[in-house]
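Visitor: Dropping the sequence and predicted coords here.
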Amino acid sequence: MREPVELRRQRILSVVQSRGAVKVSVLAAELDVSVVTIRRDVEELTRVGRLRRGHGVARPVVDAPEPATVPAARTEEPAGDGAAVALVVPERHSYLYETLHGARTVLEESGMRIALHIAPQSAGAERPLVERALADGARGLLIAPRWRNARSEELDYGWLAEVGVPTVLMERRPRPGSALHALDSVCSDHWYGTHLAVDHLVSLGHRRIVLAARDDSPTARTIRAAFAEIAAARPEVEDWSIVLSSPAAVPGPNPQTPGAPAEAAPDPDPGGDATAVDLAALLRERGATAAVLHGDVDALMLVQRLAEGGVQVPRDCSVVAYDDVVAALGSTPLTAVAPPKAEIGRAAAELLLYRLAGTAGATGPVRRTELLPTLKIRGSAQPIPTPED
């Protein structure tokens, strides 16, 4: 399904307002549309006074503060002192780009030079980028691998454990007992975030809940597993099910993910031929009155599809989104679980700087840090009507 024009323009506004001036070409790459399309969107947003347009850039109406200047490395210093920290993140991943900008703030304030590497969507894309960064003298590594399925994750364990420079994983928690278990990492506690969503809906009286979630990232897999565990353990939840939030939200051919719990409705074919879920029909079939939707863009599109199917949010169905990247920008602003994305990046960068400092204790125990998400209530979930209502 093509992304609605208004939603795409809302995403453009979100990016520009959070970062300041952004190149049109960068927006096109992140939103996966043509430069011509983005240029037209920027022109229209400028015409209605929501953006300012420059030569090849989009600017907020009120300029964001200029980022701190990164001191240039001095050539007379030893190579290690002037070398960069490598940051490796997947392309077209707005969630992790917020994490990236959190890390960037800390590194720039420390005077550390940054070498950013954007990993394409092909399998194993991170390894050659890391090897190139190390060959260029990178002193440390911040990385958020894509890991679309468990198999691709496991294939990275061996080489990533042997990088040889201080390394911190961002928003990734390797399998317990794996080669990366003893690697520094900073991530959101997505079990707690899922708990916040379910607990909020249960507190409003909802007893039959659907999770429509992606299945193509570690975060998505954690949310799906957490929802199954939490919903099954809550005596108030009478019925629950898990479906795909988008036909494109699968991990690719031959995914190595565990089967859905017996209580959950099966996903469409995970091999890539999945069709868009008819969420309105599923809600009616299950008698569900609430849904948790991951991630934000899928959530906004599903809410539009619900309206097309005669289901109004929140009148007929309460919704909690998960990610909170653009959830607030829909025609119906969505209540959302908000992982601390920028704070994850900042904490990861601070941990890496600590490892690089060489001071006493900098080689101390491995740290596996978790930050708790919060719930942003915006009105897309309301108490379930009682018979007297």
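Guide: Cool, the structure landed. Here the structure is a predicted model, which is why all the values come from computation and not from measurement.
Visitor: R207 and A288, how far apart?
Guide: Separation of R207 from A288 (Cβ to Cβ, to the nearest Å): 9 Å. No exception for glycine: its C-beta is placed from N, CA and C like everyone else's.
Visitor: Between these two, which is the more surrounded one?
Guide: The residue with more neighbours, out of R207 and A288, is A288; 21 against 18, by other Cβ atoms under 10 Å.
Visitor: Validate this expectation: that one resides in a helix.
Guide: No - judged by DSSP: H, G, I helix; E, B strand; the rest coil, A288 forms no part of a helix; its state is coil.
Visitor: What residue, apart from its backbone neighbours, is nearest it spatially?
Guide: Counting by Cβ to Cβ, 6 or more residues apart in numbering, A288 lies nearest to R208, which is 4.3 Å off, once chain neighbours are set aside.
Visitor: Surely the one you found is in contact with R284?
Guide: No - applying Cβ atoms under 8 Å as the test, R208 and R284 come out as separate, 11.1 Å apart.
Visitor: More neighbours: those two, which one.
Guide: In this view R208 and R284 are compared by other Cβ under 10 Å, and R208 has more residues nearby, 17 against 14.
Visitor: show me the contacts for the more buried one.
Guide: The neighbourhood of R208, defined by Cβ atoms under 8 Å, 6 or more residues apart in numbering, consists of 237-240, 286-290.
Visitor: which of those count as buried?
Guide: Among the contacts of R208, those buried by neighbour count (16 or more other Cβ atoms under 10 Å) are 237, 240, 286, 288-290.
Visitor: Kindly reformat these as a markdown table and extend each row with pLDDT.
Guide: Output for those, formatted as a markdown table (pLDDT from 0 to 100):
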| residue | pLDDT |
| --- | --- |
| V237 | 97 |
| W240 | 97 |
| R286 | 94 |
| A288 | 96 |
| T289 | 97 |
| A290 | 97 |
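Visitor: In contact with the residue nearest the centre of the chain, which residues?
Guide: Nearest to the geometric centre of the chain sits Y95, at 3.4 Å (Cα atoms, centre = their mean). The contact partners of Y95, taken as Cβ under 8 Å, 6+ apart, are 171, 219, 295, 323, 325, 339, 341.
Visitor: Now render the residues you listed as JSON lines, adding pLDDT, secondary structure and neighbour count.
Guide: Output for the contacts of Y95, formatted as JSON lines (pLDDT from 0 to 100; DSSP: H, G, I helix; E, B strand; the rest coil; neighbours: other Cβ atoms under 10 Å):
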{"residue": "E171", "pLDDT": "93", "secondary structure": "coil", "neighbour count": "25"}
{"residue": "T219", "pLDDT": "92", "secondary structure": "helix", "neighbour count": "25"}
{"residue": "G295", "pLDDT": "89", "secondary structure": "coil", "neighbour count": "26"}
{"residue": "D323", "pLDDT": "93", "secondary structure": "coil", "neighbour count": "26"}
{"residue": "V325", "pLDDT": "89", "secondary structure": "coil", "neighbour count": "23"}
{"residue": "P339", "pLDDT": "96", "secondary structure": "coil", "neighbour count": "27"}
{"residue": "K341", "pLDDT": "93", "secondary structure": "helix", "neighbour count": "25"}
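Visitor: give me the number of residues near P373?
Guide: 24.
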